[in-house]
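Asks: What follows is a predicted protein model with its sequence.
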Amino acid sequence: MTKFQEIEQLASSIPHLCGPVQGKFLWDLVQLTPKDSTIIEVGVFYGYITTIMGAACQESGRKVFAIDHNLPGNQFGFRKIA
């Protein structure tokens, strides 16, 4: 089992809108960034991809910052205007 597969298996219990294919793509993309990169994720949902990218950053000096404006009681963060 690869490191990605181990992390994806752990992260799979987190509610998510994307899956292992997107997770693996982002895992590989993170690995291609310079060792001191800062990665920003906008729109976290529950953190499935954040978890995968964070694990991909371990021991490399890379950092992930996650930003989400999710409103309490509204899992998608949508607001009705007017």
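Replies: It's in.
Asks: which SS state does the nearest residue to Gln31 once chain neighbours are set aside fall under?
Replies: Across the structure, with Cβ to Cβ, 6 or more residues apart in numbering as the measure, the residue nearest Gln31 apart from its sequence neighbours is Ala56 (6.1 Å). (C-beta placed from N, C-alpha, C; glycine too.) Of the three states, Ala56 takes helix according to DSSP: H, G, I helix; E, B strand; the rest coil.
Asks: Next: Phe25.
Replies: Following three-state DSSP, the label given to Phe25 is helix.
Asks: Check what pLDDT it gets.
Replies: Note on Phe25: pLDDT of 97.
Asks: and the gap between it and His69?
Replies: Look at Phe25 and His69: by Cβ to Cβ, to the nearest Å, they are 25 Å apart.
Asks: the more surrounded of these two?
Replies: Legend: neighbour count by other Cβ atoms under 10 Å for Phe25 and His69, higher for Phe25 (13 against 9).
Asks: follow-up on the earlier one: just give me the neighbour total for the residue nearest to Gln31.
Replies: Counted with other Cβ under 10 Å, residues neighbouring Ala56 total 22.
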